[in-house]
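> Quick check, what structure comes out for this input:
(one chain, ligands or ions: 2)
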Amino acid sequence: MKIVMLGAPGAGKGTQAQMLAKKYDIPHVSTGDIFRMNIKNGTELGLEAKKYMDQGLLVPDELTVRILLDRVAKDDCKNGYVLDGFPRTIPQANVLEDALTKLGDKIDYAINVDVPDENIIRRMGGRRACLACGATYHIEHVPPKKEGICDKCGQELVLRDDDKPETVKNRLQVYKEQTQPLIDFYTERGVLHNVDGTKDMNEVFEAIVAILN
Ligand code: AP5
Ligand code: MG
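Ligands and ions are numbered 1, 2, ... in the order given. Have a look, this model is predicted:
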């Protein structure tokens, strides 16, 4: 099963993608997490990506596509995956589609997690992320067991650099211009499903599972 998660920054794509990956035993592939891991480790890729991410801009398609195609070519992706944060532009979606078509394959579901802007700004300020394993928390809605420490791997939780209010506004703008057109792209392919992302995360999850079943 190949799933694409769509939605504005902070809509809960990552939260739901992790839950789906666990339930269906497929990898959660987040380009954002891959970039953040590289930034943390000081790699060349990380340095390049950071220039864009800190401004709320997209990392250039060429670089992003290469990383994504490498990742989904790995053995653990054979039975499917859940993509979170990719594709984010029409050219990225086309490259992915072409690569899958060559393998006689396709995206089975595109899940659009729908959340209005007002809720987004509130969610981002409270988010805490683990840069080591990609787990996401919220200081009110999803607190870790021990303040500031990841439940899953014990590393320190941080406020993402791009979660500052000014950067969040840019990210929303970029989302509207470059990523929202993907809703039409996947609607045309007959695989788009909308879920109400303002509900409690377990209710959102149930709605997605109902679609996949
Ligand atoms: P990326 O990491 O993908 O960020 P994003 O799309 O901006 O999305 P977020 O991770 O911020 O939000 P999310 O939807 O995953 O929400 P979450 O589950 O955390 O990308 C970051 C940057 O990397 C981009 O700006 C770009 O520069 C670059 N990049 C990445 N991919 C790229 C690509 N393909 N092309 C080019 N550039 C790329 O939830 C948010 C918060 O809300 C959390 O605190 C969570 O606990 C809480 N929450 C979740 N669900 C609920 C709920 N139902 N109710 C209450 N709270 C909830
Ligand atoms: Mg995310």
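> Tell me how many other residues crowd residue 83.
Per other CB atoms under 10 Å, the neighbour tally for residue 83 reads 24. C-beta coordinates here come from the backbone N, C-alpha and C atoms, glycine included.
> typo on my end, residue 169
The number of residues packed near residue 169 is 14, by other CB under 10 Å.
> who does the helix or strand that contains it touch, helix- and strand-wise?
Assigned by DSSP states H and E, residue 169 falls within helix 165-174. Helices and strands touching helix 165-174, by 3 or more CB pairs under 8 Å, 6 or more residues apart in numbering; DSSP states H and E, are helix 117-126.
> Just want the angle from the helix it packs on to helix 165-174.
140 degrees (axes from the mean of the first three to the mean of the last three CA atoms, to 10 degrees).
> Identify all contacting residues around helix 117-126.
Applying CB atoms under 8 Å, 6 or more residues apart in numbering, the external contacts of helix 117-126 come out as 8-12, 115, 138-141, 163, 165, 168, 172, 198.
> buried sites along it?
Within helix 117-126, the residues that count as buried by 16 or more other CB atoms under 10 Å are 120, 123-124, 126.
> Adding distance to residue 1 and pLDDT as columns, could you present these in TSV?
Below are these laid out as TSV (distance: CB to CB, whole Å; pLDDT from 0 to 100):
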residue	distance to residue 1	pLDDT
120	28	90
123	27	88
124	29	90
126	31	91
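> Pull out the buried residues from the contacts of helix 117-126.
Buried subset of those (neighbour count, 16+ other CB under 10 Å): 8-12, 115, 138, 163, 168, 172.
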